[in-house]
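Participant: Quick one, structure for this:
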Amino acid sequence: ILHHLSDTTSIQLSSDRFKLLKGNENQHRINKVLVYIQQNYARKVLLGQASEIVHLSESAFCKFFKRVTGRTFSDYVNEIRISKACEFIIETDKPIEQIAYETGFESQTYFNRVFLRKKEISPKKFRSSNKY
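Facilitator: Here you go, the predicted model:
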């Protein structure tokens, strides 16, 4: 078997674009951005400000963020917001509309759409299924 393997030609399994990231440098850079998102999720989280934190252009930042996290910037921000909204829905009796605005969504319609896509249940049904 080893002789046969040594005679075969190699096949490239991944593209040239796949490169390992330097652990410490990229972890430090992405952590700065993640802290910014955590601290500002309830406000307008701007791509420009996030890219400035790590000194990249917006397009380079988007590629960097996707490569490191596996998600787009806006998708990650929405995941953080929906996570916080779930906490508020379970722990408080605040109206869903108020929770939507407190977690940074600009409209209840968009909040409902994102919530349904992420949780596969509407916010109202989520609340009723988590009441004790």
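
Participant: any idea of the mean pLDDT in stretch 33-46?
Facilitator: For stretch 33-46, mean pLDDT is 94.

Participant: cool, and stretch 117-125?
Facilitator: 94.

Participant: Provide the contact partners of it at residue level.
Facilitator: For stretch 117-125, the surrounding residues in contact (Cβ atoms under 8 Å, 6 or more residues apart in numbering) are 78-79, 82, 85-86, 89, 96, 99-100, 111-112, 115-116, 126, 129. In this view, the C-beta of every residue, glycine as well, is placed from N, C-alpha and C.

Participant: Name the residues of stretch 25-41 that are buried.
Facilitator: Buried residues in stretch 25-41, counted by 16 or more other Cβ atoms under 10 Å: 29, 30, 33, 34, 36, 37, 40, 41.

Participant: from those residues, which single one is nearest residue 7?
Facilitator: For these, the minimum distance to residue 7 (Cβ to Cβ) is 44.2 Å, reached by residue 30.
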